[in-house]
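Colleague: Sequence plus the predicted model coming up.
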Amino acid sequence: MGLLGIYICIMAKAMWEGAVLAESNATVEVEDNQYFPPDAIRKEYFKPSDAHTVCPWKGTASYYDVEVNGKRNAGAAWFYPEPKSAAKQIKGYVAFWKGVQVDK
């Protein structure tokens, strides 16, 4: 009897100001960033932002402001609602920066 495969799931967690913003064992890593599935984020901490940036190979990113206990971290989370085909695996997935601690 052969070994078909071993899968090791590592839980990734995004935190800011003591709050867990997102947690998942199904993140996708792109350019050293962990992208969390949409259902892994705690929506109560996310406020839509009007900010957008363009990546030549991923497409147009949209942003969220993160708000915890009345403190706001503007544009601290981003996602690609309609990424280019090269980045289709991160459609809707959320990544972080600006002091948000991501551990995996």
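Modeller: Yep, that arrived. Please read these numbers as outputs of a predicted model, since none were measured by experiment.

Colleague: Please determine how far residue 88 is located from residue 28.
Modeller: According to CB to CB, to the nearest Å, residue 88 stands 11 Å off from residue 28. Every C-beta, even on glycine, is put in place using the N, C-alpha and C of the backbone.

Colleague: out of these two, which sits in the busier spot?
Modeller: residue 28 (16 against 12; other CB atoms under 10 Å).

Colleague: which residue packs closest to that one, ignoring adjacent ones?
Modeller: residue 35 (4.6 Å; CB to CB, 6 or more residues apart in numbering).

Colleague: quick one, phi psi at that neighbour?
Modeller: phi -100, psi 120 (degrees, to the nearest 10).

Colleague: That one against residue 88, yeah?
Modeller: No. Contact status for residue 35 versus residue 88: not in contact, 12.0 Å apart, counting by CB atoms under 8 Å.

Colleague: what residue ranges in the protein are flagged as low confidence?
Modeller: Low-confidence segments of the chain (pLDDT under 70): 1-9.

Colleague: Which parts of it are strands?
Modeller: Secondary structure of the chain (DSSP state E): strands located at 12-16, 19-24, 28-30, 33-35, 46-55, 59-68, 71-79, 94-96, 101-103.

Colleague: Name the stretch among the ones you listed that sits most buried.
Modeller: Among the strands of the chain, the stretch with the highest mean neighbour count (mean count of other CB atoms under 10 Å) is strand 94-96, at a mean of 25.

Colleague: which residues touch that one?
Modeller: Among residues not part of strand 94-96, those counted as contacts by CB atoms under 8 Å, 6 or more residues apart in numbering are 14, 16, 21-22, 30, 33-36, 38, 40-41, 64, 66, 76-79, 102.
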